[in-house]
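S.K.: Fold the stuff below for me.
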Amino acid sequence: MPLFGELFVSELLKKPALDPKGEELGRVRDFVVVRGDALPRVSALILEKKNTHYRLGWDVIGIFNKRIISSRVYALKIKPYEFSEDDLLIVRDIFDKQIVDANGAKVVRVNDIRLEGMNGSACLGAVDVGMRGILRRFGIERKGEKLYRLFGKTLSHNLIPWNYIQPLEPKLTTISLTVPRQMVSALHPADIADIISKVSHEERMALFEGLDPNVAAEAIHELEPDAQKGIIQSLDKDFASDIVERMPPDEAADLLGELPSEKAQELLESIEKGEAQDIQELLSHEEDTAGGLMTNEFIAYDPDLKAIDAIEKFKIDAHNVETVYYIYIVDEDEKLLGVTSLKDVLLSAPDEPLSEIMETKLKTVTPDTDQYDVAEIISKYNLLAIPVIDDDGVLLGMVTIDDIMDILLPPLSKRKRRRV
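M.R.: Numbers count the residues shown, from 1 in each chain. Next up is the predicted model:
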């Protein structure tokens, strides 16, 4: 069936469909869509006349363009139509639904659908998610173009090809749409979290379950507490445990602190024992303190270790630590003796021990130090991280500059921890 030029669904709505004599069968209300080989195709038009709906099959349509829609059958031959949830309708089920624009890392809304001719069928070629689609729906696209030109601007086209879109559910019914999940996985975790936060819980789960566990572990911490809680409680226990185990201990503690105690304990019991102990230790500290902010993942070496050996050891150990700004030097009882930067170690003589490189005039805090006091110390002395020690001088963890930024510019995910 020929299609002439660009043809958008909104341009066809309310257009009359005519029989062979030119008499009106009804006005276009919607389109029934079925899955095509490459693109979904229109199988029928839904017409409305005198509050009654009729189904006009695509196989009996003779002319189909912006100006004329004509049929090869007469009014007596067309069948009444009863709306069904089993059908996929463009206006009812696709218009105004949300899709993920991976290129723009945002959730957008389907404002219109562009139809394309293919092998005698009208196929869904692209979705319009821009201002043009909205103006076209109201029948003022040309006026909008003129208005934009008055301000020296161009009303751009914002179309996403259908082959970049896939349903969240196996069956294409009452859907929201998303680009392929591998494209979402390639986004920054903060962008993924922003996308997930703007869709329904069912869509969140469909997106989240399609993520690589490493990506999921990075993204979930960027979500607000209610979204985190809803996702982690709905996930399969093995996948949820896998995510928690891949998170830095401080972020995992934040997450588990938001869950009901029984669920948090279930996840703790499902992950590696050492990881669970690290998380449990962090959960024991009060919020808004150095202990509540710190991570207990850090690099600490013996003072007698030579610089060249420290470098080789660091290459192995750093893979398991989220953030490394300094190398801490501790004795056999884990008491903090000094600190050195990676730069100083790299520039030192290969045989020089860390005890000769380290800085011993240390700025430290205890687990009970108020978070704002920690922030003040880090700011005053231009530190990237500050060690947290107990009353005996044992190194417990460190508070990093990004933790302090979370205080000054708190993310949605910051919350009060509860003991588990």
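S.K.: Got phi/psi on L159?
M.R.: With angles defined as degrees, to the nearest 10, L159 sits at phi -110, psi 140.
S.K.: ok, the residue lying closest to it once chain neighbours are set aside - how many residues close by?
M.R.: The shortest distance from L159 to any residue other than its chain neighbours is 4.3 Å, reached at A126 (C-beta to C-beta, 6 or more residues apart in numbering). The way it works is simple: take the backbone N, C-alpha and C, and place the C-beta from them, glycine included. A count of neighbours around A126, defined by other C-beta atoms under 10 Å, yields 22.
S.K.: by contact count, what packs against the strand or helix carrying A126?
M.R.: Element membership for A126, per DSSP states H and E: strand 121-128. Counting contacts by 3 or more C-beta pairs under 8 Å, 6 or more residues apart in numbering; DSSP states H and E, the secondary-structure elements packed against strand 121-128 are strand 41-49, strand 112-118, strand 159-161.
S.K.: In CSV: those strands, plus distance to I386.
M.R.: Compiled in CSV, these are given as follows (distance: least, C-beta to C-beta, whole Å):
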stretch, distance to I386
strand 41-49, 63
strand 112-118, 55
strand 159-161, 47
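S.K.: Just give me the neighbour total for S234.
M.R.: Using other C-beta under 10 Å, the number of residues around S234 comes to 14.
S.K.: I am assuming it contacts M205, so please confirm or correct that.
M.R.: Yes: S234 is in contact with M205 according to C-beta atoms under 8 Å; the separation is 5.6 Å.
S.K.: Could I get the contacting residues of E48?
M.R.: Taking C-beta atoms under 8 Å, 6 or more residues apart in numbering, we find E48 in contact with 26-27, 29, 54.
S.K.: Please apply the same query to I134.
M.R.: Applying C-beta under 8 Å, 6+ apart as the definition, the contact partners of I134 turn out to be N111.
S.K.: so which helix or strand takes in it?
M.R.: Following DSSP H and E, the helix or strand that holds I134 is helix 131-137.
S.K.: picking up where we left off before, could I get the helices and strands packed on strand 121-128 as CSV with mean pLDDT?
M.R.: Conversion of the helices and strands packed on strand 121-128 to CSV gives the following (pLDDT from 0 to 100):
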stretch, mean pLDDT
strand 41-49, 93
strand 112-118, 90
strand 159-161, 81
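S.K.: so which of those strands gets nearest K143?
M.R.: Distances from K143 to each of these were compared by C-beta to C-beta, and the smallest falls on strand 112-118, at 16.4 Å.
S.K.: Which strands border the closest one, and is each parallel or antiparallel?
M.R.: Partner strands for strand 112-118, per DSSP bridges, with pairing direction: strand 7-8 (antiparallel), strand 121-128 (antiparallel).
S.K.: would you turn those strands into a markdown table with distance to E269?
M.R.: Shown next, in a markdown table, are the strands paired with strand 112-118 (distance: least, C-beta to C-beta, whole Å):
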| stretch | distance to E269 |
| --- | --- |
| strand 7-8 | 55 |
| strand 121-128 | 45 |
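S.K.: rank the ones you listed by pLDDT, which is bottom?
M.R.: Within these, the stretch with the lowest mean pLDDT is strand 121-128, showing a mean of 88.
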